[in-house]
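A.B. asks: Just need the structure, nothing else, for what follows:
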Amino acid sequence: MNREETARSGHFPADRRWIFPLVIAGLVAGAILTSSFLKEADYSLLCSVANIRPSSQAAVAENSATPVQLEAIVHYATSRIVPQQNFGEISVTLDVLKKRSPCNFLVFGLGYDSLMWTSLNPNGNTVFLEEDPKWVQTVLRDAPNLHAHPVKYRTQLMEADRLLSHYRSEPSCFPSKAYLRGNEKCKLALTGFPDEFYDTEWDLIMIDAPRGYFPEAPGRMAAIFSAAVMARNRKGPGVTHVFLHDVDRKIEKTFAEEFLCRKFLVKTVGRLWHFEIPSAADMSSHDGAQFC
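C.D. replies: Numbers count the residues shown, from 1 in each chain. Predicted coordinates for the structure are as follows:
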């Protein structure tokens, strides 16, 4: 059953139909309030130092919720459809967004949680990559403020073992030489994506797609590899936060341990792993043929 059919049929546990969307709406509202309080405190500190106060109109405008945040609160408070991740898993990313937002946030997958992720990164750049162009049209029809791109993958889940062997023998896949745009030799490199994907330095990357539950599905092998490459090629300060969902599945776990590395794993909650990956310039050694 695909996402559209699931939504129409309403096949969700009865005890979660209303409770979880309300929790998500509260989470978004709480994030807005927290942000407002922090900004208010910052203003008070700055004003005491400079002995000036902003006008009440400017302060209200600065602390106001964005339109997409208000849309998210109403959406989740009135919807029976729940996000793919549970509250604990969502909270892992929220904790990072509280510190890094506004930031560049890349999400593999467009789903029932997309409006939430955008609202939790107010004034930031949250971009979604989705393999199903019809699903992109369906979601954007109801949430036109979302920033999404339809993309095509060149891998299949049944190729996972061969792709691992290929990477270990193809120099253009090696961590010291790997790149993405135009790297046709490395089959794990995501090529042919929108320019924004390559030209943006992503602070957070969420991997919750593409589909990876039947042999012909694209699988998440290339998304995991490419996230590792982008993180290692980071030029700006700080680490890249990578969140991988569905680590209970063999392929996700295997490729995470191969490319995202256990030594960079900082938190596990439910089926979500959170990695903090430094740039290659900040690593003691990065010239080998393997990532980890």
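A.B. asks: contacts, neighbours, all on C-alpha from now
C.D. replies: OK.
A.B. asks: and residue 107, which of the three is it?
C.D. replies: Here residue 107 is strand, with the state taken from DSSP: H, G, I helix; E, B strand; the rest coil.
A.B. asks: For it, list each beta-bridge partner.
C.D. replies: Using DSSP bridges, the beta-bridge partners of residue 107 come out as residue 128, residue 206.
A.B. asks: Let me know how buried it is, in neighbour terms.
C.D. replies: Close neighbours of residue 107, defined as other CA atoms under 10 Å, add up to 22.
A.B. asks: Thought residue 125 was touching it, still the case?
C.D. replies: No - using CA atoms under 8 Å, residue 107 makes no contact with residue 125, being 10.7 Å away.
A.B. asks: immediately after the helix or strand encompassing residue 164, which helix or strand?
C.D. replies: Assigned by DSSP states H and E, residue 164 belongs to helix 160-169. Heading C-terminal from helix 160-169, the first helix or strand you meet, by DSSP H and E, is helix 195-199.
A.B. asks: list the buried ones in that next one?
C.D. replies: 197, 198 (16 or more other CA atoms under 10 Å).
A.B. asks: just stretch 106-124 next, same as before
C.D. replies: Buried positions in stretch 106-124, judged by neighbour count with 16+ other CA under 10 Å: 106-122.
A.B. asks: Tell me how far residue 187 lies from residue 201.
C.D. replies: For residue 187, the distance to residue 201 equals 22 Å [CA to CA, to the nearest Å].
A.B. asks: Ok, residue 273 next?
C.D. replies: Relative to residue 201, residue 273 is positioned 21 Å away (CA to CA).
A.B. asks: show me where pLDDT drops low in the stretch 101-250 of the chain?
C.D. replies: Of all residues in the stretch 101-250 of the chain, none has pLDDT under 70.
A.B. asks: For the most centrally placed residue in the chain, give me its contacts.
C.D. replies: Centroid-nearest residue in the chain: residue 206, 2.4 Å away (criterion: CA atoms, centre = their mean). Residues near residue 206 by CA atoms under 8 Å, 6 or more residues apart in numbering: 105, 106, 107, 108, 242, 243, 244, 245.
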